[in-house]
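Colleague: the following comprises the amino acid sequence and a computationally predicted model.
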Amino acid sequence: MALILIIEDEEHLRHGLAQALARARFDVAEAEDGNEGYAAILAQRPDLVLCDISMPGMRGDQLLRRLRRDHPDLDRTPFLFLTALADRDSVLAGQEMGADDYVTKPVDLKLLVGLIRQRLDQAERWGQSYLGEFERERRDLIDTLSAQTRLSFLSAADVLNRLGDAVLLFNGTAEVIFANRAAQRLLAQNDGVSFQNGRLAAARGDDTRRIRDALKIMQGSDPTRPSLHLSIERPSGRRPYTMRITRLEGGPGLEDGSDALAAAFLSDPEIRPRPSAASLMELYGLTQAEARTVADLATGLSVDEAAEIQHISRNTVHHYLKAAFRKTGTARQSEMIAIVLSSATIEPQPDPDDGA
């Protein structure tokens, strides 16, 4: 389920919108002003932001301007302004700042849900277009496999696509022969790593050379070097990606005799995966409120921050935690978070081509 962040200082309206979007099967987070909303965007990485313009403190237009300036990796996150202003000048000004659309008050909930789905579909299509070159090469690769190897390869791909970690596989000439969906989403940020001419490239030439040197070492015959760790700088100035390149023994064989000889595990330290609230409810019998609290904490929020975002007291958060400890069979928050991050689903995005 897509995560929608609502930033609105009118509590009654905010809660009403949250309930309507939850009924439409979206995950929903709330923030009551621009400062809280800005922090929530960076911490939770919502799929779409619905933001009021006129708020105390940081206004919605100021929030968007700061976000576009300081975090270009979030440029493709759909941003909808929620406002009572419906005149043409306001709409044009918002579009110039990078807003994707306007929603006027009073809100027509059916139209809002339709608009959100439309914007999410557009964002997904952009990501698919950005990675179109890689997808074409991937399909060409699969076409070269024998029937038995194709089945093995696609089965492995299905498993890798369900992981929250970004995983890439390389052949003996350092070409990328597979990237799971988490890797594709990370590449789509275009912030430090990209897919160029069949190979993984970094924004800095030195980092690209280090990646390719590490791949050569991993594809060599020295068994004493099972893996190498790299740090990849990012043009946005955010914390570098971390990459672990590992030797593979007997990867998926291709008809031309080449193998998947190395794998790269790429991590963004700015992002902690948010477990699906629905999967937490199914796996552990959590209530919706308990599941949302656990998901908030799993993304790195503190108890105070979770309480503030949900507009509940610390005691209520601790009450939800106590119930979650009992239902997950854990005794400490760190233990519970480790379990849910390893077991709960991060909703996979469908592959429109082959379902791999």
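Modeller: Great, that's in hand. Please read these numbers as outputs of a predicted model, since none were measured by experiment.
Colleague: right, and the helix or strand after the host helix or strand of Y320?
Modeller: Per DSSP states H and E, Y320 falls inside helix 314-328. Using DSSP H and E, the helix or strand that follows helix 314-328 in sequence is helix 333-343.
Colleague: for L82, helix, strand, or coil?
Modeller: strand (DSSP: H, G, I helix; E, B strand; the rest coil).
Colleague: begin at 49, not 1, for the rest of this chat.
Modeller: Let's use 49 as the start, then, which means that last one is L130.
Colleague: hey, what's it bridged with?
Modeller: For L130, the beta-bridge partners are D100, V151 (DSSP bridges).
Colleague: please report how far it lies from E356.
Modeller: According to C-beta to C-beta, to the nearest Å, L130 and E356 sit 20 Å apart. For the C-beta atoms, the positions are set from N, CA and C on the backbone; glycine is no exception.
Colleague: between those two, which one's more packed in?
Modeller: L130 (24 against 18; other C-beta atoms under 10 Å).
Colleague: pretty sure the more buried one contacts I101?
Modeller: Yes: look at L130 against I101 with C-beta atoms under 8 Å: they come within range, at 7.4 Å.
Colleague: between these two, which contacts overlap?
Modeller: Taking C-beta atoms under 8 Å, 6 or more residues apart in numbering as the criterion, L130 and I101 both touch G108.
Colleague: hang on, R252 packs against E281?
Modeller: Yes: counting by C-beta under 8 Å, E281 is a contact partner of R252 at 5.5 Å.
Colleague: lowest-scoring secondary structure element of the chain by mean pLDDT?
Modeller: None of the helices or strands of the chain scores lower by mean pLDDT, DSSP states H and E than helix 180-191, at a mean of 54.
Colleague: returning to that earlier point: export the helix holding Y368 as CSV, just CAs?
Modeller: Below are the C-alpha coordinates for helix 362-376, written out as CSV (Å, rounded to 0.1, in the frame of the first residue of the first chain):
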residue,chain,number,x,y,z
ARG,A,362,3.6,8.8,25.2
ASN,A,363,1.5,6.6,27.5
THR,A,364,-0.7,5.5,24.6
VAL,A,365,2.4,4.6,22.5
HIS,A,366,3.8,2.6,25.4
HIS,A,367,0.4,0.9,25.7
TYR,A,368,0.6,-0.1,22.0
LEU,A,369,4.2,-1.2,22.5
LYS,A,370,3.3,-3.4,25.5
ALA,A,371,0.7,-5.2,23.4
ALA,A,372,3.1,-5.5,20.4
PHE,A,373,5.8,-7.1,22.7
ARG,A,374,3.3,-9.6,23.9
LYS,A,375,2.0,-10.5,20.4
THR,A,376,5.5,-10.7,18.8
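Colleague: show me what it is packed against.
Modeller: Contact here means 3 or more C-beta pairs under 8 Å, 6 or more residues apart in numbering; DSSP states H and E; on that basis helix 362-376 packs against helix 325-332, helix 336-346, helix 351-358, helix 381-391.
Colleague: so for it, mean pLDDT?
Modeller: Averaged across helix 362-376, the pLDDT comes to 90.
Colleague: that helix: which residues count as buried?
Modeller: Residues of helix 362-376 classed as buried by neighbour count (16 or more other C-beta atoms under 10 Å): 365, 368-369, 371-373, 375-376.
Colleague: from the residues you listed, which is closest to D109?
Modeller: Distance to D109 across those (C-beta to C-beta) is lowest for V365, with 32.1 Å.
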